[in-house]
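Undergrad: no sequence for this one, just the structure:
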């Protein structure tokens, strides 16, 4: 059941930083992971 309160709430569960590196040939540096995390944070700020 969706309540009035729930309609205004958005949750993002992103696993790119963890799962992304499990793809063959994909490697993320620490700097790249920080940039991705900051961009995701901007979506909810």
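TA: Thanks, I have it. Note that this is a predicted model, so its numbers are computed, not measured.

Undergrad: got any ranges where this structure has weak pLDDT?
TA: Scanning the chain for pLDDT under 70 picks out the ranges 1-12, 16, 45.

Undergrad: Give me the buried positions along the helix or strand hosting residue 43.
TA: Counting by DSSP states H and E, the element that carries residue 43 is helix 30-44. Buried positions in helix 30-44, judged by neighbour count with 16 or more other Cβ atoms under 10 Å: none. C-beta here means a position set from N, CA and C on the backbone, and glycine is covered the same way.

Undergrad: What is it packed up against?
TA: Applying 3 or more Cβ pairs under 8 Å, 6 or more residues apart in numbering; DSSP states H and E, one finds that helix 30-44 contacts helix 16-19.

Undergrad: who touches the helix it packs on?
TA: For helix 16-19, contacts defined as Cβ atoms under 8 Å, 6 or more residues apart in numbering pick out 28, 33, 36-37.

Undergrad: Identify the residue spatially nearest to residue 40, adjacent ones excluded.
TA: residue 14 (5.7 Å; Cβ to Cβ, 6 or more residues apart in numbering).

Undergrad: hang on, isn't the one you found packed against residue 39?
TA: No - applying Cβ atoms under 8 Å as the test, residue 14 and residue 39 come out as separate, 10.2 Å apart.

Undergrad: thinking again about what came up before, tell me the phi and psi of the residue nearest to residue 40?
TA: phi -120, psi 130 (degrees, to the nearest 10).

Undergrad: got it, and the one 10 residues further on?
TA: Comment: the main-chain dihedrals of residue 24 come out as phi -50, psi 130, following degrees, to the nearest 10.

Undergrad: residues near it, how many?
TA: 4 (other Cβ atoms under 10 Å).
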